[in-house]
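Peer 1: What would the 3D arrangement of this be:
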Amino acid sequence: MAGQGKRYRASLDAFDRQTEYPLGESMSIVKGLATAKFDETVEMAVYLSVDPKHSDQVVRGTCMLPHGTGKKVRVLVFARGDQAEAASEAGADFVGDEDLAAKIEGGWLDFDVVIATPDMMKVVGKLGRVLGPRGLMPNPKTGTVTDGVGKAVEDSKGGKISFRTDKTGNLHVPIGKASFEATQLEENAMAFLTRVQQLKPSGAKGRYIEAVTVCTTMSPGVRVDAADVRARLR
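Peer 2: You can find the predicted model right below:
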């Protein structure tokens, strides 16, 4: 912990925490802050001028990152017959029906994404209290309840991320790894921000994207120039 604290304090001296940096520069800075012995995840937080208390202002969606997340995604699929075969061929890590549901009810959670065919939702629905709080419950809006399980598996493995505003109007997503080139992180970030802009609720007032920060798993946050982001999204 002492070493970690020393690294963290050193990172605070590496940039001005009050300055808002252009998007590309912020990616270079955050890469330089990644000093852990593992490949840290680069995360982006976006504060939106929405009121999530109103259902029509909840921002929720998915986005394909052009360079992926850099993370090995473990995909579980609830399907039977031809759909189960298609899921396996697409690279799903776990495929099944009631057998998987029983394992999950028993406490097993060694997966990152859950996909289900519509006919399997009677089985999956019973797992809501386990999967829901962890953001793993399949949903048609995010493409995880589908008859096209093969493509859904490929998308999840290939860099598809899901996001939803929290109670304070923030979005938090991974946009890559510290080992990525700064330009790759910037392109991933722009793909995400462009998708967020496309999902702007009609009831959102004033400046939609209020603030943006990026950080790594172990680093402090670096402020991104939100005005620069908004200009690039016009």
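Peer 1: which stretches of the protein form strands?
Peer 2: For the chain, the strands defined by DSSP state E cover 41-48, 60-64, 75-78, 94-96, 113-116, 160-164, 170-177, 209-216, 222-224.
Peer 1: out of those strands, deepest packed?
Peer 2: Counting by mean count of other Cβ atoms under 10 Å, strand 75-78 has the highest mean neighbour count of the strands of the chain, with a mean of 28. In this view, the C-beta of every residue, glycine as well, is placed from N, C-alpha and C.
Peer 1: quick one: contacts of it?
Peer 2: Under the contact criterion Cβ atoms under 8 Å, 6 or more residues apart in numbering, strand 75-78 has outside partners 84, 87, 91-97, 100-101, 111-117, 120, 123-124, 138, 149, 153, 156-157.
Peer 1: Would you list the buried entries among those?
Peer 2: 84, 87, 92-97, 100-101, 111-117, 120, 123-124, 138, 149, 153, 156-157 (16 or more other Cβ atoms under 10 Å).
Peer 1: thinking again about what came up before, any chance of CSV for the strands of the chain, columns distance to E186?
Peer 2: Below are the strands of the chain laid out as CSV (distance: least, Cβ to Cβ, whole Å):
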stretch, distance to E186
strand 41-48, 11
strand 60-64, 15
strand 75-78, 27
strand 94-96, 34
strand 113-116, 25
strand 160-164, 16
strand 170-177, 9
strand 209-216, 10
strand 222-224, 10
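Peer 1: mind putting those strands in JSON lines, mean pLDDT and distance to L131 included?
Peer 2: What follows is the strands of the chain, written out as JSON lines (pLDDT from 0 to 100; distance: least, Cβ to Cβ, whole Å):
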{"stretch": "strand 41-48", "mean pLDDT": "97", "distance to L131": "22"}
{"stretch": "strand 60-64", "mean pLDDT": "92", "distance to L131": "16"}
{"stretch": "strand 75-78", "mean pLDDT": "98", "distance to L131": "10"}
{"stretch": "strand 94-96", "mean pLDDT": "98", "distance to L131": "14"}
{"stretch": "strand 113-116", "mean pLDDT": "97", "distance to L131": "6"}
{"stretch": "strand 160-164", "mean pLDDT": "92", "distance to L131": "13"}
{"stretch": "strand 170-177", "mean pLDDT": "96", "distance to L131": "19"}
{"stretch": "strand 209-216", "mean pLDDT": "96", "distance to L131": "27"}
{"stretch": "strand 222-224", "mean pLDDT": "97", "distance to L131": "32"}
